[in-house]
Structures are given as C-alpha cells and as structure tokens.
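Colleague: Only the shape, not the letters, is given here:
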C-alpha cells in the first residue's frame, strides 16, 4: 500500500515522504493502516518501489493478494498520470468506498457525479469475481476501468499477419471483458504505456484463445479519458486512437442504417405476405361458400346476354343441373380474373371445343390455336391476351391431370400439343363430390396437385379436408379413365342378403368367388369406386346362382 496514517491522523505517502522519517515512524510503531488501524511497516530502496505493508497474518480488508512491484508501479503510474492530466479533480490512492466496502487502487472524482475507480489487475482472477466487483462499483455509482498486467499479455509470433496486427493469447477473463466492455487495457509499467485492444479496432479469433488484434499503444503522458456512445461510455486513449474510435462509430452507424433499412424492407415484405395471406384466406372462404351454394341461376346473372344463350345451350346438351354440375368446370384458378366470362362457362366451353367436339384430323389440341378458336366467345381485355392464353393452357393441363387429355412429347418444348385420352364425360349427381373436385384443382390446392416446384404456396386446406377432396378426386378420376358416364352403385343390403344365402349354404361359392364377394363388400362399405367390370361380374354372379 502507498498510504498510511500517523498518530495525528495525518496521511503519509510512501513515494514522496522522507524515507528516514518513515523508517523511524515504522520502527516506533507510529504508522497505521487507514483501513484496519493496525501497525504497518515501510519498505524502500533503489530497486524497489517504496510502500507500506502489514505484518504476516494480520486480518485487514486491504490484505488480499500480495502486492507485486508491478501492481505497485501500475497504481503509482495511473495516480501520477491523473494528477498531472486532471489537476482540478480529486485523485486518491487506495480510496475506501464505504457504500460497498471496497478499496479502489486509484480513485478519481471529477465532480458532477463523474467518479472513476482504476483497478490494476496483475494476479489471476476469475471472470465471475471481476463481474462481482464491478457490480459493486456500479451500485456505488462509480465507473470502473481495469488495466491488466504483463501476466495477461502474451504475444505469439506469426508471419501471416499485417504490419499493424499482433496475435495475442487471450484468457477467458479477457474474452469476457471484451464481450462486456468491447475493449481491454494492458499496462506496461516499464515503458509507461497502455496497450488497448478490442472490438473498436478489430479483433478476430483463430482458435479458442488466439486472437488477431490491431493494437493501440498509448503513452501515459498523452492518454486522456474520452466519452463515447457505447455501453462502456468511457475509454482511455490518445488523439490517434480516438480518431479510430470515431471512424469505428461512423462505420457502425452506417452499417446500422443499412441494417435498419433492410429490416424495414423485410418487415414491409412480411406485412405484405401477411396481408396477401389474409386476402387469400378470405378468397378461400368465399370460394368454398360459392361451391356449397352453387346455383346455375346465380351464375347466369353474371353473364352477358350472348353468354347466357351459349351457357344454356351447353347445359341442355350435357344435361347439367345445380347438383350434377361438374367440379372440373367450376375451378377457380390463379389469375382467373384475366377472363371476365365466369369460369363455369369458359371452362365448359373449352372442354366442349377441345374434347367433345374436336374436329381435328389427328385430334391434336394446341392451346394457342384453341385460344384463337374461342377468343370471340369469351370476354377479356385485349391487353391481357397473353395471360388469357396462358390460363387456357393451364386449364388444359388440369384436364390432363384429370385423365381427359395426354401430352404429346414429339414436339418442341413450347409447342407441346395435347391428345384426347378419354372423351366420355362423367355426370355425378353429387354436389359435395363435385365441389371437392373443384377444390382439388383450385388455386388453393397447388401443393396438392404438384404445382409447387418453383415456389411454396400457402396451405389453406387442413389434413382432414385434404383427405376428403383426394378421395373424391380419385373417384372422379376413375370414372374418367374407365370411360363411365355416371358412377355405378350396388346396394349394401343386396350384398348382405347374398352373403346370408352363402352362410346358410343355400348357395355354394368357389374360393375365388368368395374372395371377390369379400372385396366387393369392403368397397361398398368404404364407399370406394366400383368399375363397370366389377358391377357386371357381380350381376353375373347373382344371376348364375339364382
């Protein structure tokens, strides 16, 4: 320690009092510790920094780690620097902080609540202990600045670094300080300089403990305390290091502005996606309501007179009503508004021209030529001709997925025609099934029909409803590929009655006939598709056994 008191309660400073006087006072046991009031002794010499010390085994709050010459020299160097640089401030060595029962190595009070404690840390200390001590300083309203001794400063030789860089082996304690304060100070008592490293000037880790840093060497004579816009608020530096700090904050401000702009764009896009999804969700609910409340009369009200005449003629030709109107003609597709004609008419008309009444010699369907053929029969904005042609082509692709068409692969990539695979048009008197088919091919089930290769469309249909529309679509698809005009139905009671005759041995069945009957019973119970072949086989079996 550097400060003791005499019997008159006057402070005696080890480094600038008369050496012989201090020896005599110590010998007479008239030097006391200002913290525990016990006797202290004096040491001094040409190769040793003058200081006071306690006798062994004395209990005192000041006695912790043994004070090395480096620790004593560091305290003295910081004390002299503060006294010289800030003559109007209150500067004290080994100041006792009554509020938290601490002793600051060097204490500085600049007035207006600006209080600093400078700690010279030469001995080993844990990051937890450091954090605990600085929290106590914070409670006392004191800003603490830590300077580490040579024990913590370890340079490593390397050739692959720039001229203004060094490689340091940083202990966990220093890494923790950098994380909290963005910088670390090392004091070199021999050369009377402070070495400053940290995030302000650049730091990168090569291994867990080795860091490449841009070192700032600051002479104590030219060092000042600077206030900065950072969590640590105050740093030690000279004119050059302060300029680099300003450059760091300017660049950080620019980067923060860029980040803010990017985040603003991201938030705008996110809000836009949320709004679009909400609009799509609303459209989805309206479309489901439209399908459940579908009425030909309501559709006619949205048509022009010419369209009404055409639609009524087609309805009569195909025998379509509110309950049996096919879902394949009621599909709300992406960009469907490009065609102003209601989609029940233009989709039915495309089917009518392309499949039912195709007069092409080879029965080839080119979407471009089909558009030219029907464009006078539908309403659209001539400026949207390209979108309309694309929409008609997309609808032909849906008819292909349904089983009506097949794609010819012998042509160039962008001129693939379609060929007619099945032209028998099934009519199902089931409004729910027809609604499910429409929903399956709609813009709200793009993922379900495999149209999500280049993007990920939102999911609107839950798992249970997805299974329902898949089952309905499978049934309709079977009707198309089996070229059946309407679904076939076998009464469950008829099968049960036939099974009773078999059980009562009134009718004898072969093994393969029993297997067929069991499979048929399962299909009827699960309401699965019954093909014409299965239907005919059952009727033949019934007629053959009775």
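Modeller: Structure's in. What do you need? Since we're looking at a predicted model, the values are computed, not measured.
Colleague: who's in contact with the nearest residue to residue 81 once chain neighbours are set aside?
Modeller: Closest residue to residue 81 apart from its sequence neighbours, by Cβ to Cβ, 6 or more residues apart in numbering: residue 220 at 4.7 Å. In short, each C-beta sits where N, CA and C put it, glycine included. Contacts for residue 220 (Cβ atoms under 8 Å, 6 or more residues apart in numbering) come out as 77-78, 81, 192-194.
Colleague: And residue 220, its phi and psi?
Modeller: Residue 220 adopts backbone torsions of phi -60, psi -30, taken as degrees, to the nearest 10.
Colleague: Please apply the same query to residue 197.
Modeller: Note on residue 197: backbone dihedrals following degrees, to the nearest 10 are phi -130, psi 160.
Colleague: and it, how far is that from residue 244?
Modeller: Distance, residue 197 to residue 244, using Cβ to Cβ, to the nearest Å: 12 Å.
Colleague: Could you name every residue contacting both of these two?
Modeller: Counting by Cβ under 8 Å, 6+ apart, the residues touching both residue 197 and residue 244 are residue 216.
Colleague: Looking at those two, which has the bigger crowd around it?
Modeller: residue 197 (23 against 16; other Cβ atoms under 10 Å).
Colleague: Look up the closest residue to that one, ignoring the ones flanking it.
Modeller: residue 213 (4.4 Å).
Colleague: What is the neighbour count of that neighbour?
Modeller: Neighbours of residue 213 under the rule other Cβ under 10 Å: 24.
Colleague: and it, helix, strand or coil?
Modeller: strand (DSSP: H, G, I helix; E, B strand; the rest coil).
Colleague: Tell me what it is bridged to.
Modeller: residue 166, residue 203 (DSSP bridges).
Colleague: quick one: contacts for the closest residue to residue 292 other than its chain neighbours?
Modeller: In space, and not counting its chain neighbours, residue 292 is closest to residue 435: 6.4 Å by Cβ to Cβ, 6+ apart. Residues near residue 435 by Cβ under 8 Å, 6+ apart: 288, 291-292, 294, 327, 330.
Colleague: top of those by neighbour count?
Modeller: Greatest neighbour count in the contacts of residue 435, by other Cβ under 10 Å, goes to residue 327: 27 neighbours.
Colleague: Isn't residue 150 up against residue 186?
Modeller: Yes: at 7.5 Å, residue 150 and residue 186 qualify as touching, with contact defined as Cβ atoms under 8 Å.
Colleague: Which residue of those two possesses the greater neighbour count?
Modeller: Neighbours per residue, other Cβ under 10 Å: of residue 150 and residue 186, the larger number sits with residue 186, 21 against 14.
Colleague: Mind checking what secondary structure residue 488 has?
Modeller: Residue 488 ends up coil, using three-state DSSP.
Colleague: quick one: it from residue 319, how far?
Modeller: Counting by Cβ to Cβ - residue 488 and residue 319 are separated by 18 Å.
Colleague: Between the two, which is the more surrounded one?
Modeller: Set side by side, residue 488 and residue 319 show more neighbours around residue 488, with 15 against 9, by other Cβ under 10 Å.
Colleague: wait, what's in contact with that one?
Modeller: Residues near residue 488 by Cβ under 8 Å, 6+ apart: 530-532, 535.
Colleague: Now, of these, which are buried?
Modeller: With neighbours counted using 16 or more other Cβ atoms under 10 Å, the contacts of residue 488 contain these buried positions: residue 530.
Colleague: What is the most widely separated pair among the contacts of residue 488?
Modeller: Maximum pairwise distance in the contacts of residue 488, criterion Cβ to Cβ, is 8.4 Å, between 530 and 532.
Colleague: Ignoring the adjacent residues along the chain, who's closest to residue 358?
Modeller: What sits nearest to residue 358 in space, not counting adjacent residues and going by Cβ to Cβ, 6+ apart, is residue 420, at 6.3 Å.
Colleague: Over to residue 106?
Modeller: residue 118 is the one closest to residue 106 (Cβ to Cβ, 6+ apart), at 4.1 Å.
Colleague: Then the one you found would be within a strand, right?
Modeller: Yes: counting by three-state DSSP, residue 118 is part of a strand.
Colleague: can you count the residues close to residue 227?
Modeller: As a measure of burial, residue 227 has 9 neighbours, counting by other Cβ under 10 Å.
Colleague: Isn't it up against residue 242?
Modeller: No: Residue 227 is beyond contact range of residue 242, at 10.4 Å (criterion: Cβ under 8 Å).
Colleague: show me where pLDDT drops low in the stretch 151-300 of the chain?
Modeller: For the stretch 151-300 of the chain, the stretches with pLDDT under 70 are 231.
Colleague: Which parts of it are helices?
Modeller: All helices of the stretch 151-300 of the chain, identified by DSSP state H, counting those that start in this stretch, fall at 172-181, 239-292, 296-301.
Colleague: Which one of these lies nearest to residue 30?
Modeller: Going by Cβ to Cβ, the one of the helices of the stretch 151-300 of the chain nearest residue 30 is helix 172-181, 40.6 Å.
Colleague: Give the other helices and strands that that closest one contacts.
Modeller: Where contact means 3 or more Cβ pairs under 8 Å, 6 or more residues apart in numbering; DSSP states H and E, helix 172-181 is packed against helix 127-139, strand 183-188, strand 193-198.
Colleague: Take those and write them to a markdown table, including distance to residue 312.
Modeller: Converted to a markdown table, the helices and strands packed on helix 172-181 look like this (distance: least, Cβ to Cβ, whole Å):
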| stretch | distance to residue 312 |
| --- | --- |
| helix 127-139 | 85 |
| strand 183-188 | 84 |
| strand 193-198 | 83 |
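Colleague: ok, back up a step: average pLDDT for the helix or strand encompassing the residue nearest to residue 292, rounded please.
Modeller: Element membership of residue 435, judged by DSSP states H and E, is helix 431-441. Model confidence over helix 431-441, given as mean pLDDT, is 95.
Colleague: just checking, next helix/strand downstream of that helix?
Modeller: helix 463-481.
Colleague: neighbouring contacts of stretch 501-515?
Modeller: Taking Cβ under 8 Å, 6+ apart as the rule, stretch 501-515 contacts 498, 517, 541, 545.
Colleague: what's the distance between the last one and residue 517?
Modeller: It refers to residue 545. Distance of residue 545 to residue 517, given as Cβ to Cβ: 11 Å.
Colleague: what about the two, which has more around it?
Modeller: residue 517 (17 against 14).
Colleague: Show the model's pLDDT score for the more buried one.
Modeller: At residue 517, pLDDT is 85.
Colleague: And for residue 63?
Modeller: 58.
Colleague: now do the one 10 residues further on
Modeller: In this model, residue 73 is scored at 89, pLDDT.
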